[in-house]
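>>> Fold the stuff below for me.
(chains A and B)
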Amino acid sequence: MAFRFEVLHTDPSGARLGRLETPHGIIETPAFMAVGTLGSVKGLTQESLESIGAQIILANTYHLFLRPGAELIREMGGLHKFIAWPHPILTDSGGYQVFSLAALRKVTDDGVEFRSHLDGSARFLSPEKALEIQIALGSDIVMVLDECIDSSSDEARASAAAARTLAWAKRSLNYFNEYGDASRQMIFGIVQGGAHRELRRKCADEMVALDFPGYAIGGLAVGESHQTTCEISAEVTSRLPANKPRYLMGVGRPEQIPDYVARGVDMMDCVLPTRSARHGCLFTWQGRLLIKNARYANDSRPIDPACECPTCRRYSRAYLRHLYISNEILGATLNTLHNVYFYLDIMAKIRKAIRFGNLLGFCSALQARLHTTISD
RNA sequence: GGACGGGUGGGUGAGUGGCUAAAACCAGCAGACUGUAAAUCUGCCGCUCCUUGCGGGCUACGGAGGUUCGAAUCCUCCCCCGUCCA
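Numbering: from 1, shown residues only, chains lettered A, B, ... in the order given. Got it, this is the predicted structure:
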């Protein structure tokens, strides 16, 4: 069987240790997936991703559809070959762009009409089209097109988006069953419902009834409190089948990740480590470090003395600050390498904690300091 | 020696009587970033006082005088810089 997910161990908190086998490799869960929207984790080479143990990365259907186009990627032998990443890839459907590009799109029951941010041309993404593209890309995990809304949306709005997401999920599944290959790609349904528990429950139950091989929780961490994100996540995961992977989309901050894992989440992705790195915000076991701060001008220490990433093993804060201030590309690369390693390291430590049944102990130790900005 | 042009806050550089502590950009300082339209965005950036307010005082547009209720802006002289002519 090309895909196999198994839960190896469950922590008292509800956290799951698992492994997901795909045709391009195994993913140990809970897993963090670095975001490579355009087929590139910004600033990093595929070699460097491998060197820090990345097992899966994300790419984006909408963005690759605009450029270079799904057809070209298919001609080039598929996304894995095109980007020279022979390991697992998950493609997001473009559902998030429904949310983030609100000013440039129009949503109907049919699908989403986007005005391309590249050239202004009209582009249409339907559930079927999103699947067609992802099938052409050949990603290991494909996501259904969903309607992502602001978490402050009222119940009527959230209900409509959830209903649309559900209808689209059915169409997506039909399309995939007809044109896809379940031995080659795994399709995930996405639960919406805003910050409304009842809607989330309903959407989760109906999504489960469609019997997807995996489920995602979307539309969270888009403005609501962390507590709400946790509550909604717990609400949804409690309704999802235990033997299938759960993916909480778009989270989170380092100190929040264990909270999601404790709600039974197996997979996460977030632009925070990569974007923050480019913006000079580095994550450490002591909290966040803003490398451009003047206080690091002559600091010969590594970003985090407790970190064993390639950046910390070799380069000083002073040098990294210089690179950042001077706008040198290398700064973005080294910073990104550190932050992604840091996230992967958190996940490795979380998996270890789950194995020993002590995730909550790990959480409290971690969270006491991770939310701060360090100043030494 | 003569003719033009010009000297503005750390830098470049707008501004040609009050709306100017003085645009914009850069530099500097600080902050934000959660399925990436993001190597981006935001705030501060003369000194000082306090009841921290679209608050008060002081200093500031090469220098010194002057005109004016009011001058970076107009006039006079001086000092610098650039270009051209002797």
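
>>> Test my guess that A:F5 contacts A:G18.
Yes. Counting by CB atoms under 8 Å, A:F5 does reach A:G18; the two are 6.4 Å apart. Bear in mind the C-beta positions are built from the backbone N, C-alpha and C, glycine included.

>>> what about those two, which has more around it?
Neighbour comparison, A:F5 and A:G18: the larger count goes to A:G18, with 22 against 18 (by other CB atoms under 10 Å).

>>> which residues are common contacts for A:F5 and A:G18?
A:P245 (CB atoms under 8 Å, 6 or more residues apart in numbering).

>>> Any residue of the strand or helix carrying A:D345 touching RNA strand B?
For A:D345, the host element (DSSP states H and E) is helix A:329-355. Yes. Judged by CB under 7 Å from any atom of the strand, helix A:329-355 comes into contact with RNA strand B through A:329, A:332.

>>> Same check on stretch A:23-37?
Yes. Stretch A:23-37 is in contact with RNA strand B by CB under 7 Å from any atom of the strand, via A:35, A:37.

>>> Can you get me the start-to-end distance on that stretch?
Across its full length, stretch A:23-37 reaches 21 Å between end residues, using CA to CA, to the nearest Å.

>>> average pLDDT across that stretch?
Averaging pLDDT along stretch A:23-37 yields 98.

>>> and what of stretch A:156-165?
For stretch A:156-165, the mean confidence score works out to 97.

>>> residues contacting A:S172?
Here A:S172 is in contact with A:127-128, A:130-131, A:144-145, A:187, A:189 (criterion: CB under 8 Å, 6+ apart).

>>> which non-adjacent residue is nearest it?
A:V144 (3.9 Å; CB to CB, 6 or more residues apart in numbering).

>>> Spatially central residue in chain A, please.
A:D269 (1.7 Å; CA atoms, centre = their mean).

>>> Parallel or antiparallel, which strands does the helix or strand where that residue lies pair with?
Secondary structure from DSSP H and E places A:D269 in strand A:267-270. Strand A:267-270 sits in its sheet next to strand A:31-35 (parallel), strand A:246-248 (parallel), going by DSSP bridges.

>>> So is that strand next to RNA strand B?
Yes. Using CB under 7 Å from any atom of the strand, strand A:267-270 reaches RNA strand B at A:269-270.
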